[in-house]
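Coordinates for the following, if possible.
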Amino acid sequence: MKTLITATALVLTAFSASAMVDTSAIQQYAPNVDVSTLSDAQVNTILSVIHSGDSASEKRATVQALVK
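The predicted structure follows:
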């Protein structure tokens, strides 16, 4: 029973953490994109690209390719 409660708490924590991700940076590189239509995996990949060491133009091109 304790294991079930712990597992449920972890799932709920992970869910609420993913819902609180700041996606405003995506709008800088891909304006007019409805972030709510993207999956969590897509958002995480895009945010990884944005926070990478690539140039701004490379980031913009990659992000725009990923949201299409």
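
What is the neighbour count of I50?
19 (other Cβ atoms under 10 Å). Just so you know, the C-beta spots here come from the backbone N, C-alpha and C atoms, and that holds for glycine as well.

Would you agree it is in contact with K59?
Yes. I50 is within contact range of K59, at 5.8 Å (criterion: Cβ atoms under 8 Å).

which neighbours do these two share?
Y29 (Cβ atoms under 8 Å, 6 or more residues apart in numbering).

which stretches of this protein have low pLDDT?
1-4, 6-20 (pLDDT under 70).

Now for the most centrally placed residue in it: which residues touch it?
Residue closest to the average C-alpha location in the chain (Cα atoms, centre = their mean): V43, at 2.5 Å. Residues in contact with V43, defined by Cβ under 8 Å, 6+ apart, are 21, 23, 26, 35.

One more pass at 10 Å, please.
18, 21, 23, 26, 35-36, 66-67 (Cβ atoms under 10 Å, 6 or more residues apart in numbering).
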